[in-house]
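Novice: build me a structure from this.
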Amino acid sequence: MDKGFIKLSRSFFDNKIWQAARAFSECEAWIDLIQAARFEASPTTSRIGCYEVTWERGQYPASNRFLAKKWGRSEQWVKSFLGKLKREKMITTDNSQGINVITLVNFEKYNGEVMENPPNNPPCNSPNQLIDGNLQELVTHLVTQQVTHLLKEQPTSNPNNKKEENIKETTPNGVAKKDAAKAATLTRKNSFYQSLIPYVGKYPKNMIRAFFDYWSELNKSETKMRYELEKTWELPKRLATWASKERMPAKPATDIGVVLNNNSPDKYDSPQERKWEERWNK
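Specialist: Take a look at the predicted model:
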């Protein structure tokens, strides 16, 4: 029995409820594929990375890595989920253009004919029509989930009578954005840390450590490191300049593995240096 459709504006997917950082369920991931697939009847071509990719109505070009980041899941989870959809004959995939293009098999069922618009409703505002499964329940669930999260984050009382701007920071969207920004900064900091390891054999370890501590210092909002605020940045040149200022000439290349793993007691000049070594090798 056909239960008809419910209309869901595409603007819903720009709402903070949908945009909140989280791990998507299979239901949410499926709905995201439906809303992300091309709605227009004509095909389009765009450059994605180094590939010119063409896709049509009901298709969506997206790699597993991109979807994993978008859905807050692992690439293995995405691969398994897309495999399940293919077994259920809900989608097909094609990577002949260098990029994985997902085709929704029954896209027309999820996007039926749009009813005529009233005079004051331009065609460009036509909503996407999704099949009425448990979509309304999903929307209700998302709202409830975010409100519950907000209540857990906020204290039962406010003895300090904090101002409104402090309360705003505890909203789900604000918390998610702040946490996500900080996590991204720490990830970049770790990448910066790793990029210095190849130079340990060329420059003294204590110099590399001091260089890292100085340039990785976070700003007040914890969204940028000191070196990211520079207009120009070339790591080899910065290291050479740093070494020149400290009057530390570059050493001949050595076996980095030996430098990092040598734990003989006589190689430390001080307890502080041992502490730095332990931190470096973590």
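Novice: give me the below-cutoff pLDDT ranges for the protein.
Specialist: In the predicted model of the chain, residues 1-3, 112-177, 247-282 satisfy pLDDT under 70.
Novice: the residue nearest to residue 92 when sequence neighbours are not counted bridge partners, please.
Specialist: If you skip the residues right next to it in sequence, residue 92 has residue 103 as its closest partner in space, 4.8 Å away by C-beta to C-beta, 6 or more residues apart in numbering. (Each C-beta comes from the backbone N, C-alpha and C, glycine too.) Taking DSSP bridges, one finds residue 59, residue 92 as the beta-bridge partners of residue 103.
Novice: who does residue 6 bridge with?
Specialist: residue 130.
Novice: now do it against residue 110, distance only.
Specialist: 11 Å (C-beta to C-beta, to the nearest Å).
Novice: got it, and residue 205?
Specialist: Residue 205 sits 59 Å away from residue 110, going by C-beta to C-beta.
Novice: do a quick rundown of the helices in the stretch 101-250 of the chain.
Specialist: 107-110, 135-153, 164-168, 172-196, 205-215, 235-245 (DSSP state H, counting those that start in this stretch).
Novice: how's this protein carved up into domains?
Specialist: In the domain annotation for the chain, the residue ranges read 5-112+125-145, 174-281 (automatic domain parsing).
Novice: what's the most buried one of those domains?
Specialist: The densest packing among the domains of the chain, expressed as mean neighbour count by mean count of other C-beta atoms under 10 Å, is seen in domain 5-112+125-145 with a mean of 15.
Novice: residue 39 - that's part of a helix, no?
Specialist: No: when classified by DSSP: H, G, I helix; E, B strand; the rest coil, residue 39 is found to be coil rather than part of a helix.
Novice: so what does it look like in phi/psi?
Specialist: In terms of degrees, to the nearest 10, the main-chain angles of residue 39 are phi -90, psi -30.
Novice: many thanks, we can stop here.
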